[in-house]
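1. When you get a sec, could you give me coordinates for this:
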Amino acid sequence: MYIAEAGNEEVEERRVDPTSVGRQVLALQETVNSGRVTLDPATGEELRKMLLEQIDQVDSWLERAGRLARPAPLGQHPVAEKMAAKFEGRAEGQELSFVSVMAAYRDVLQQTHDSVRSAIRNFQAVDEEHGSELTRLSGN
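-> Next up is the predicted model:
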């Protein structure tokens with residue numbers, strides 16, 4: 001995956017390692033699942049809704065991308081057929097095609113959404129535990 005960064009006058013392209021992103025999401029999941037991360041429900045709900053909106057947007061892009069992943073009507077000669085196949089592969093099918101990159105992005109969004117839900121549950125569990133302990137200590 002490539003990301004273009006705009007500086008003052010130049011645009012630099014740098015390659016983003018998808019496995020690095022996957023490792024970061026996995027590390028987040030492990031940290032949340034261990035109970036070390038909690039998220040208050042109000043803030044977590046806002047974050048969860050933003051992630052769902054982004055997931056819906058990516059789903060829409062993926063649905064529309066199907067229209068791009070077809071041979072372009074460039075003609076019946078060998079050059080046109082090669083170019084049409086090239087365009088079709090870039091839309092869908094190649095490792096760095098639009099569909100492949102967006103599908104991987106959607107997976108990351110879904111995993112992040114799931115981690116946010118887990119962090120909210122962690123907060124609620126800690127809150128209930130502390131509430132029970134306070135009740136016990138107060139003698140009620």
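2. Give the next helix or strand downstream of the host helix or strand of residue 26.
-> Residue 26 is part of helix 18-33, with elements assigned from DSSP states H and E. Note on helix 18-33: by DSSP H and E, the next helix or strand toward the C-terminus is helix 41-68.
3. for the record, mean pLDDT for that following helix?
-> Mean per-residue pLDDT for helix 41-68: 90.
4. What are the buried residues along the helix holding residue 26?
-> The neighbour-count check on helix 18-33 (16 or more other C-beta atoms under 10 Å) flags 18, 25, 28-29, 32 as buried. From N, CA and C alone the C-beta is placed, and that goes for glycine too.
5. same question, stretch 96-115
-> Within stretch 96-115, the residues that count as buried by 16+ other C-beta under 10 Å are 97-102, 104-106, 108-109, 111-115.
6. Using PDB, write out every CA atom in that stretch.
-> Written as PDB, here are the backbone C-alpha positions of stretch 96-115 (Å, rounded to 0.1, in the frame of the first residue of the first chain):
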ATOM      1  CA  LEU A  96      -2.200  -3.900  -4.400                       C
ATOM      2  CA  SER A  97      -5.500  -3.500  -6.400                       C
ATOM      3  CA  PHE A  98      -8.100  -1.100  -5.100                       C
ATOM      4  CA  VAL A  99     -10.300  -4.000  -4.000                       C
ATOM      5  CA  SER A 100      -7.500  -5.800  -2.100                       C
ATOM      6  CA  VAL A 101      -6.300  -2.700  -0.300                       C
ATOM      7  CA  MET A 102      -9.900  -1.600   0.600                       C
ATOM      8  CA  ALA A 103     -10.800  -5.100   1.800                       C
ATOM      9  CA  ALA A 104      -7.700  -5.200   4.000                       C
ATOM     10  CA  TYR A 105      -8.600  -1.700   5.300                       C
ATOM     11  CA  ARG A 106     -12.100  -2.900   6.100                       C
ATOM     12  CA  ASP A 107     -10.700  -5.800   8.100                       C
ATOM     13  CA  VAL A 108      -8.500  -3.400  10.100                       C
ATOM     14  CA  LEU A 109     -11.500  -1.200  10.800                       C
ATOM     15  CA  GLN A 110     -13.600  -4.200  11.900                       C
ATOM     16  CA  GLN A 111     -10.900  -5.500  14.200                       C
ATOM     17  CA  THR A 112     -10.500  -2.000  15.700                       C
ATOM     18  CA  HIS A 113     -14.200  -1.800  16.200                       C
ATOM     19  CA  ASP A 114     -14.200  -5.100  18.000                       C
ATOM     20  CA  SER A 115     -11.300  -3.900  20.200                       C
END
